[in-house]
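Participant: sequence-free structure coming up:
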């Protein structure tokens, strides 16, 4: 299935430019063969509008310029019809092509500016969340480092004994390598989350990303005495999106759940995370038995709306932007008798429309 999806994306990337070239050539031939009174060249605006799907900025400008050149060339090559009417039609077509190109470029520029602003806001939100998790992250990094020291001392003792026990020393060294790799992976994930980098959609295992994200909040979960359970569907298909952005969504949902659970009785603090298949995609569910989301679920993902006393109301708004940019959707439900359920859906046959770094 994944091979078929990747084949479709590759074919689509090739088909759109090919279709634009075919339309351009067809319009040019038809415009040249018809009378000057017929303004076939105006159809070039369709090519320009289509070019937005595979070209940006200078590419669109180059295509628009090419269409104008072809319009003039067609006028000069056409032998039938009234020259004056043909010149008027040629000028109208050129004006339509130029105006369409200009408007497309302006819209594209405005769209890029909007997404760049959202990207910066998403990055600030991500770094702020990491700041709130400083103690938890430090604990997660400290665990493998402590194990490295313990196993290093053990290896020295085994090698220093008489006779040296090389087998036990080798076992300790293998543990050192394992724990060092674990610490390196944790630091690597944190660096990626904190880095302001361009979007990088890729195919990856959703379950692996969920497991990696959970590790960043394990210390907070233990500190608050929360019972954390997971139910990950082992048969999930891989998804195609920006993994760092998806981690940001998961991290925000998990941190919100932990903060909500900290407000209720310690004996009832439960956090459950599941992944499951859904027609056309996958669903991730974060369910907690915390203080709940309040009654206004419709506004929960709006910017600057928050149920926290000190919240900014941007975390869930950014989460919605990220999920929707990957052709998915996110929603919340009230749990009974207390708590909250937040789910998001990602299609396995879609790809990011716009990404936020």
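Facilitator: On my side now, so go ahead. Small disclaimer: the values here were computed from a predicted structure and weren't measured.

Participant: check contacts around the residue lying closest to residue 33 once chain neighbours are set aside.
Facilitator: For residue 33, ignoring the flanking residues on the chain, the nearest one in space by C-beta to C-beta, 6 or more residues apart in numbering is residue 78 at 7.9 Å. The C-beta positions use only the backbone N, C-alpha and C, and glycine is treated the same way. Residue 78 is in contact with 31, 32, 33, 34, 35, 36, 86, counting by C-beta atoms under 8 Å, 6 or more residues apart in numbering.

Participant: hey, what's the spatially most central residue of the chain bridged with?
Facilitator: The structure's the chain has its C-alpha centroid closest to residue 242; by C-alpha atoms, centre = their mean the separation is 3.7 Å. On the basis of DSSP bridges, residue 242 takes part in beta bridges with residue 201.

Participant: Distance check, it against residue 333.
Facilitator: 26 Å (C-beta to C-beta, to the nearest Å).

Participant: Residue 46 too?
Facilitator: 44 Å.

Participant: Give me the average confidence score over stretch 96-113.
Facilitator: For stretch 96-113, mean pLDDT rounds to 85.

Participant: mind checking the end-to-end distance for stretch 327-345?
Facilitator: End-to-end distance of stretch 327-345 (C-alpha to C-alpha, to the nearest Å): 9 Å.

Participant: Name the residues of that stretch that come out as buried.
Facilitator: 327, 328, 330, 332, 339, 340, 341, 342, 343, 344, 345 (16 or more other C-beta atoms under 10 Å).

Participant: What average pLDDT does it get?
Facilitator: 81.

Participant: Among the buried residues of stretch 327-345, which pair sits farthest apart?
Facilitator: Greatest spatial distance in those: 327 and 339, 28.8 Å, computed using C-beta to C-beta.

Participant: can you give me the strands for the stretch 101-250 of the chain?
Facilitator: 201-204, 227-232, 239-242 (DSSP state E, counting those that start in this stretch).

Participant: Show residues contacting the second one.
Facilitator: What that stands for is strand 227-232. Residues outside strand 227-232 that contact it (C-beta under 8 Å, 6+ apart) are 207, 210-211, 214, 218, 221, 269-275.

Participant: Same check on stretch 27-42?
Facilitator: Stretch 27-42 has contacts (C-beta under 8 Å, 6+ apart) with 43-44, 47, 67, 70-71, 73-75, 77-78, 80-83, 85-87, 89-90, 92-94, 96-97.

Participant: likewise stretch 56-73?
Facilitator: Here stretch 56-73 makes contact (C-beta under 8 Å, 6+ apart) with 20, 24, 27-28, 31, 41, 44, 47-48, 51-52, 55, 90, 93-94, 97-98, 100-101, 104-105, 108.
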